[in-house]
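[1] Sequence and predicted structure below; questions after.
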Amino acid sequence: MSALIEAEHLTRILPAVVPVTLVKDISVTVAAREFVAITGPSGSGKSSLLYLLGLLDRPSSGSLRIAGEDVSTLSEDARAALRLSTLGFVFQFHFLLPEFTVRENVEIPMRRLGRLSRRQMRARAGELLESLGLVGHVDKRPDQLSGGQRQRVAVARALANDPPIVLADEPTGSLDSKSSEQVFQILDELVHVRGKTVLAVTHDIGLADRMDRRLHLVDGRLESDERRSTGAASRPENG
Ligand SMILES: Nc1ncnc2c1ncn2[C@@H]1O[C@H](COP(=O)(O)OP(=O)(O)OP(=O)(O)O)[C@@H](O)[C@H]1O
């Protein structure tokens, strides 16, 4: 069974005097090692869909399986455990904790999962940060880093528990073009080198065109689901 995400007829309606439909009847299956862009106009439900797939919100109707688990049957604790072990998150704003060092921020998901010793957590955080080009920054606080560096720390934190799926909401949205390209390259490597599945919400159609698949939303609905050629051919010539 290679599908990591299986959503069927997902709908999310916010109850209100006039109910607001955020996501409407979306069915989609995402396999291991896919690099998926989620695009659509502002307010089309991209973040809402990502939050449902990331178990940060619950659908009003429809079903969702993550890594083969029917999440509707799980207790709150089991959902949290599945989220910690299976899903990593990168947001537009890094949400690093300012009072902790870079290394400590990356250790937080490992502490929550509780599978590694202190020494193992420290070593893994160091390795991840090194692999993301942050070797000289592990003992700094987030406010001592550039925006691009902070976002790379956020990627390291997302990978802390080695989840098969990384969900990113406008991961390059607040970065300059050079940092944006670096973060994009890292996401690309997560898929094509480390074998992760990455779903990224983006307004940047240039970036979306370089991903392997594009889910396009309009008014909460999945309007199109297009696959592109994968691998080097879809990457920019000058890297
Ligand atoms: N808590 C809320 N209360 C009322 N309306 C909401 C709430 N959250 C989202 N919405 C509305 O639901 C729709 C979908 O929002 P969502 O943030 O998922 O869209 P989006 O495609 O990610 O937008 P953007 O590109 O602007 O970030 C929007 O019309 C938004 O205004």
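    Noted; the coordinates are in hand.

[2] drop to CA atoms for contacts and neighbour counts, all remaining ones
    Noted.

[3] Before we go further, residue 29 is sitting in a strand, right?
    Yes. Under DSSP: H, G, I helix; E, B strand; the rest coil, residue 29 falls within a strand.

[4] Tally up the residues packed near it, please.
    Applying other CA atoms under 10 Å, we find 12 residues neighbouring residue 29.

[5] can you check residue 219 too?
    17.

[6] Might you report the residue contacts of it?
    22-23, 43-45 (CA atoms under 8 Å, 6 or more residues apart in numbering).

[7] So for it, what pLDDT did the model give?
    At residue 219, the model reports a pLDDT of 97.

[8] Could you check how far the residue lying closest to residue 11 once chain neighbours are set aside is from residue 223?
    Spatial nearest neighbour of residue 11, excluding adjacent residues (CA to CA, 6 or more residues apart in numbering): residue 24 at 4.5 Å. To residue 223, residue 24 is 11 Å away according to CA to CA, to the nearest Å.

[9] And residue 206, by the same measure?
    19 Å.

[10] Likewise for residue 150?
    Using CA to CA, one gets 34 Å for the distance from residue 150 to residue 223.

[11] Next: residue 109.
    35 Å.

[12] Which one's more surrounded, residue 150 and residue 223?
    Taking other CA under 10 Å, residue 150 and residue 223 do not tie; residue 150 has more neighbours (21 against 12).

[13] Check which helix or strand the more buried one maps to.
    Element membership of residue 150, judged by DSSP states H and E, is helix 147-158.

[14] name the helices or strands packed onto whatever helix or strand comes next after that helix?
    Remark: after helix 147-158, the chain's next helix or strand is strand 165-169, criterion DSSP H and E. Helices and strands touching strand 165-169, by 3 or more CA pairs under 8 Å, 6 or more residues apart in numbering; DSSP states H and E, are helix 46-53, strand 87-90, strand 197-201.

[15] Touching, residue 152 and residue 132? I think so.
    Yes. If you go by CA atoms under 8 Å, residue 152 and residue 132 touch, sitting 6.5 Å apart.

[16] Tell me which of these two has more neighbours.
    residue 152 (25 against 17).

[17] pLDDT score for that one?
    Looking at residue 152, the pLDDT reads 93.

[18] Quick check: residues of the chain near the ligand?
    Proximity of the chain to the ligand (CA under 6 Å from any ligand atom) is limited to residues 22, 41-48.

[19] one more time with 5 Å
    Contact residues (CA under 5 Å from any ligand atom) of the chain with the ligand: 22, 42-48.

[20] Which among those count as buried?
    22, 44-48 (16 or more other CA atoms under 10 Å).

[21] Could you dump those into a markdown table and include distance to residue 15 and pLDDT?
    Output for these, formatted as a markdown table (distance: CA to CA, whole Å; pLDDT from 0 to 100):
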| residue | distance to residue 15 | pLDDT |
| --- | --- | --- |
| 22 | 11 | 97 |
| 44 | 18 | 97 |
| 45 | 16 | 97 |
| 46 | 19 | 97 |
| 47 | 18 | 96 |
| 48 | 15 | 97 |
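
[22] ranges for the strands of the protein?
    For the chain, the strands defined by DSSP state E cover 3-14, 20-31, 35-39, 61-66, 69-70, 87-90, 165-169, 197-201, 213-218, 221-227.

[23] Mind checking these for the one nearest to residue 143?
    With distances scored as CA to CA, the stretch of those nearest to residue 143 is strand 87-90 (17.6 Å).

[24] now the closest one, how far from the chain's geometric center?
    In terms of CA atoms, centre = their mean, to the nearest Å, the centre of strand 87-90 is found 4 Å from the chain centre.
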